[in-house]
Structures are given as structure tokens and as C-alpha cells.
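[1] Okay, here's the prediction I keep looking at, along with the sequence it came from:
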Amino acid sequence: MTEFDWTPPGNADDCFDLIEPLEVLYDFDGPGLFTFTWRTGLYLACFCDEIPGSFRHLIVPTTNRTVRQLKEGSCAVRDALIQEQDRMWIADLDGQGRCKTLWKLTSLDFPEDVLPVEGAILTGFFAEHQAKFFKPSLNSVIDPF
């Protein structure tokens, strides 16, 4: 993912509480893609950008099935993020995971460089070490960020 100069449109929504990673699916100098729970739901958060004093994340509701497919390499990261096209948020988090600002958006509101590369699956532990169980095509594994 590249840096971008973009401010989400619309008004800020109510914030999530403290966002603490439940399971980190991709880590590079911090959690790049992770799950967390809030109230009664499971969510997927994807790092988008670092802005002064905040870390910007795309947040979407998800399911255990989608998380499993991400780990298996049978679901592209972008596809997992845009499944709930009308339930997406951009959140600015401080260094402790507290939500400072939140915008509710749809997938049509996002510039191309906010989302991971189309067709990219996770690399790392799940793609490399679980290939014998799930048999993803390692030749097609690319870094989604």
C-alpha cells in the first residue's frame, strides 16, 4: 500500500472504543491487518496510512469463515475488506489503539490506493507454513501492502 493524501468525506461517526488486536494476520512494523472484537461483533482492521499523531485504518465487519479463508490464501485481502460494502469505516487511532476519529463510508468512497492490491493474498506464516494443510498457490502469493 502506498501513502496517500486523502481525508475521508462526510462527518465523523461515533468512535469504536479501544481497539486491541485479537489476531494479527499481517505484521510489518506493527499490525498491518488484524481482527478485533467490539460489542458483539468481529472486525477486520487494515492499516492505511500514518498521519501526524494517528494511524489510519480501514475497518470492516468480518466472520471467522472470512478470517480462515484469508489465512488459507483462498480469499484475497481486498475481497475480505469490501464484502460489506455499506459497512466500512476509516478510523484514526492513537498509538495505544484509542479511536480518535471515525468516518462511516461505502466502498465507492475509497480511492484505489487505500485498498490493497486486487488479488493479493496474505504472505507470511499462514501462506508459508500451512501450505501442506490448505495448499494455496505459493507462486501467486504477493505482498498485499
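    That came through, no problem.
[2] Can you list the neighbours in contact with stretch 15-34?
    Stretch 15-34 is touched from outside by 35-38, 42, 44-47, 55, 57, 59, 67, 70-71, 77, 89, 91, 93, 96-102, 122-124, 126, 144-145, with contacts defined as C-beta atoms under 8 Å, 6 or more residues apart in numbering. In short, each C-beta sits where N, CA and C put it, glycine included.
[3] in that stretch, what's buried?
    Neighbour counts over stretch 15-34 (16 or more other C-beta atoms under 10 Å) mark 15-16, 19, 25-26, 31-34 as buried.
[4] In helices only, show me those residues.
    Residues of the buried residues of stretch 15-34 located in helices (DSSP state H): none.
[5] what's the most distant pair in the residues you listed?
    15 and 26 (23.8 Å; C-beta to C-beta).
[6] Which strands and helices lie in contact with the longest helix belonging to the chain?
    The helix that spans the most residues within the chain, counting by DSSP H, is helix 64-72. Packing contacts for helix 64-72, counted by 3 or more C-beta pairs under 8 Å, 6 or more residues apart in numbering; DSSP states H and E, involve strand 23-27, strand 41-51, helix 77-82, helix 125-129.
[7] Distance to residue 108 for these - can I get that in a markdown table?
    What follows is these, written out as a markdown table (distance: least, C-beta to C-beta, whole Å):
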| stretch | distance to residue 108 |
| --- | --- |
| strand 23-27 | 25 |
| strand 41-51 | 16 |
| helix 77-82 | 10 |
| helix 125-129 | 30 |
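[8] Check the gap between residue 39 and residue 20 for me.
    Going from residue 39 to residue 20 by C-beta to C-beta, to the nearest Å gives 14 Å.
[9] which residues does the residue nearest the centre of the chain contact?
    For the chain, the residue nearest the mean C-alpha position is residue 46 (2.2 Å; C-alpha atoms, centre = their mean). Going by C-beta under 8 Å, 6+ apart, residue 46 touches 32-33, 57-59, 77, 81, 116.
[10] could you redo the last one with a cut-off of 6 Å?
    Counting by C-beta atoms under 6 Å, 6 or more residues apart in numbering, residue 46 makes contact with 33, 58, 81.
[11] One more: residue 82?
    Residues in contact with residue 82, defined by C-beta under 6 Å, 6+ apart, are residue 107.
[12] Least confident secondary structure element in this protein?
    Using mean pLDDT, DSSP states H and E, helix 131-134 stands out as the lowest-scoring helix or strand of the chain, at a mean of 35.
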